[in-house]
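> Below are the sequence and a predicted model for it; my questions follow.
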Amino acid sequence: MNHVIGYERSEKAYLVGIKIHGNRDPFNIEDSLGELQQLARTSGVEVVGRTYQHLRQPHPATYIGSGKVAEIREAVLERDAETVIFDDELNPGQQKNLEAMLGGDIKVIDRTALILDIFARHAASREGQIQVELAQYEYRLPRLTRLWTHLIRQAGGRAGGEAGGVGLRGPGETQLETDRRLIQKKIASLKKELEEVRLHRRQHRMRRKKRELSVIALVGYTNAGKSSLLNALSTAEVKVEDKLFATLDPTTRRLRLPGGRIVLVTDTVGFIKKLPHHLVAAFRATLEGIAEADLLLQVADISHPTAKAQLAVTEDVLREQGVSDKPKLIVWNKIDRLDGRGTGAHTDYSGLLAVSARTGEGLDRLLIRIEEVLNRELIEVRAEIPYSEGALLHDVYTSGYVHHKTYGPNGTLIAALVPVLMAARLVPYRIGSEAGV
């Protein structure tokens, strides 16, 4: 895995953002920079300062004003920082200009590069690594002139320009085109490999559908506690850390509901404000699981001061994925962290579906609500299943509820609530009420 940015734990960084006049973003600038600081720390960077500028819109050439750039350079030198991290994605021109103005010894990166680095560090499965690597290369492609600094040296300071000198202009241009073609070829190869992963996932989901197991997808802002909730509900052992994007690879576990029905619960990658479009596109294979889920559990951290804004971000991502109309339950997690002094999104959660994945409080009520929602899609059937079809009877018990059963001379007579596809499988064995079930 090639990282866009290679950090050492001792690296020091200075954070920069802008506050746009009239912006209705639910996150204020301090919240946004606070989250950027969390991201930096997750990547092992020490944040030594931060600042922002009031603007009507980002400066097209430098993101911030030239006077602010000079002020930042002084602050960076004073604090002995090596890196300046900007809170929005910089276009290649802005990044190049900022590097020139701040000085070649100061590294300039943006929120997107930082998130890509974190994803690269945390992707454990081959699928996750492919998705992150694809996003990295797509981020790199328009930045070739900045990343491939050997071209500038090769062309006498102006790669491919008039001042290259005899024998230097052509090779410089050729090298740049070669680099571009290599990355494009790598992107095409990764997309092909990812398409194979998508096909494998689709086949896996089809096998699950044949077993008629309903699927629940955990969605929400990063670090809202989705993995902790999966562990608490299903006794899984998914990695849990108090960090942003601690887990990237989707994990699916079986869960038995109070009535005995078995369902599948899938943890998904966390969302975040200003989620890079490269990542959204690359993680399409993973996000498809959300589209095919029967129920979404939208997990929110009730103790977080910007929980409602985080919830709005999640809603926006679900809308962009075309799944906002799916059956959904909002689960307010981490009630054990509320201190009763007004911190967090709510202090009175009596009317909410509120839980603590850590202590288990509220989980029984959550399971009952999950069962109620999923049961709305079940169909009442009466059938006589031959004794030779024991596997079919087992599937009925697994995917639905058998509320009456008797044994007849030719098979097991049942009255049950089952999913639609299971009802179709039972058509050859359906009977009427006169059978005495």
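Everything's here; your move. Residues are numbered from 1 along each chain as shown.

> any low-confidence regions in the stretch 251-400 of the chain?
281-286, 339-350 (pLDDT under 70).

> which residues in it form helices?
Under the criterion DSSP state H, counting those that start in this stretch, helices of the stretch 251-400 of the chain are mapped to 277-282, 284-291, 307-320, 363-375, 390-399.

> closest to V197 out of the ones you listed?
helix 284-291 (5.4 Å; CB to CB). Every C-beta, even on glycine, is put in place using the N, C-alpha and C of the backbone.

> need the strands for the protein, in chain order.
Counting by DSSP state E, the chain has strands at residues 12-20, 46-55, 83-86, 107-110, 215-220, 251-256, 262-267, 295-301, 328-333, 379-386, 401-407, 411-418.

> What strands line up against the third one, and which way round?
In other words, strand 83-86. strand 12-20 (parallel), strand 107-110 (parallel) (DSSP bridges).

> Could you do the last one as well?
Taking DSSP bridges as the criterion, strand 411-418 pairs within the sheet with strand 379-386 (antiparallel), strand 401-407 (antiparallel).

> ok and the longest one relative to helix 390-399, angle-wise?
Interaxial angle of strand 379-386 relative to helix 390-399 (axes from the mean of the first three to the mean of the last three CA atoms, to 10 degrees): 160 degrees.

> Any buried residues in stretch 182-191, and which?
I183, K186, I187, L190, K191 (16 or more other CB atoms under 10 Å).

> Distance to K274 and pLDDT added to these, as CSV?
What follows is those, written out as CSV (distance: CB to CB, whole Å; pLDDT from 0 to 100):
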residue, distance to K274, pLDDT
I183, 24, 87
K186, 26, 90
I187, 23, 90
L190, 24, 90
K191, 24, 89
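
> Nearest to H304 among those?
Nearest member of the buried residues of stretch 182-191 to H304, counting by CB to CB, is L190, at 34.7 Å.

> Correct me if wrong: L141 contacts K185.
No. L141 is beyond contact range of K185, at 11.4 Å (criterion: CB atoms under 8 Å).

> circling back to that earlier point, quick one, which of the strands paired with strand 83-86 gets closest to Q298.
Nearest of the strands paired with strand 83-86 to Q298, taken as CB to CB: strand 12-20 at 27.3 Å.

> average pLDDT across that closest one?
Strand 12-20 shows a mean pLDDT of 94.

> Please spell out which residues along it are buried.
Result for strand 12-20 [16+ other CB under 10 Å]: buried residues K12, A13, Y14, L15, V16, G17, I18.

> chain center to that strand: distance?
24 Å (CA atoms, centre = their mean, to the nearest Å).

> by how many degrees do it and strand 46-55 diverge?
Using the same axes, to 10 degrees: strand 12-20 against strand 46-55 is 20 degrees.

> right, and the strands of the chain - which one's nearest N28?
By CB to CB (comparing all of the strands of the chain), the closest turns out to be strand 12-20, at 7.9 Å.

> what does that closest one rub up against?
By CB atoms under 8 Å, 6 or more residues apart in numbering, the list of residues contacting strand 12-20 from outside reads 28-29, 32-33, 36-37, 40, 45-58, 63-64, 72, 75-76, 79-88.

> and those, which are buried?
Applying 16+ other CB under 10 Å to the contacts of strand 12-20 flags 29, 32-33, 36-37, 40, 45, 47-48, 50, 52-53, 58, 63-64, 72, 75-76, 81-88 as buried.

> thinking again about what came up before, quick one: the helices of the stretch 251-400 of the chain as CSV, columns for mean neighbour count and distance to L114 too.
Shown next, in CSV, are these (neighbours: other CB atoms under 10 Å; distance: least, CB to CB, whole Å):
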stretch, mean neighbour count, distance to L114
helix 277-282, 19, 12
helix 284-291, 18, 20
helix 307-320, 18, 17
helix 363-375, 16, 34
helix 390-399, 17, 44
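
> can I get the ones you listed in CSV with distance to H200?
CSV is the format used below for the helices of the stretch 251-400 of the chain (distance: least, CB to CB, whole Å):
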stretch, distance to H200
helix 277-282, 16
helix 284-291, 9
helix 307-320, 24
helix 363-375, 26
helix 390-399, 23
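
> what sits against G260?
Taking CB under 8 Å, 6+ apart, we find G260 in contact with Y397, Y401.

> For R24, the count of nearby residues, please.
As a burial measure, R24 scores 5 neighbours (other CB atoms under 10 Å).

> now it: how far from V313?
13 Å (CB to CB, to the nearest Å).

> Kindly report the same for E35.
Taking CB to CB, one finds E35 at 11 Å from V313.

> hey, what's in contact with both of those two?
In contact with both E35 and V313: I272, K273, using CB under 8 Å, 6+ apart.

> quick revisit: for the buried residues of strand 12-20, could you give me a markdown table that also reports distance to R126?
As requested, the buried residues of strand 12-20 are exported to a markdown table (distance: CB to CB, whole Å):
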| residue | distance to R126 |
| --- | --- |
| K12 | 34 |
| A13 | 31 |
| Y14 | 36 |
| L15 | 33 |
| V16 | 36 |
| G17 | 35 |
| I18 | 38 |
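
> Going by distance to P92, which of these wins?
Of all the buried residues of strand 12-20, V16 has the smallest distance to P92: 17.6 Å, by CB to CB.

> That closest one bridge partners, please.
T51, F86.

> Check R430 too.
A383.

> Could you pull up the contacting residues of T314?
V219, G220, Y221, F271, Q298, A300.

> Among the residues you listed, which pair sits farthest apart?
With distances taken as CB to CB, the most widely separated pair in the contacts of T314 is F271 and A300, at 11.1 Å.

> between those two, which one's more packed in?
A300 (24 against 19).

> rewinding a little: nearest to D294, out of the buried residues of strand 12-20: which one, please.
Of all the buried residues of strand 12-20, G17 has the smallest distance to D294: 39.8 Å, by CB to CB.

> who's in contact with the residue lying closest to that closest one once chain neighbours are set aside?
Distances taken as CB to CB, 6 or more residues apart in numbering place D87 nearest to G17, at 3.5 Å, with adjacent residues excluded. Taking CB under 8 Å, 6+ apart as the contact definition, D87 lies against L15, V16, G17, I18, S32, L33, L36, Y52, D110, R111, K274.
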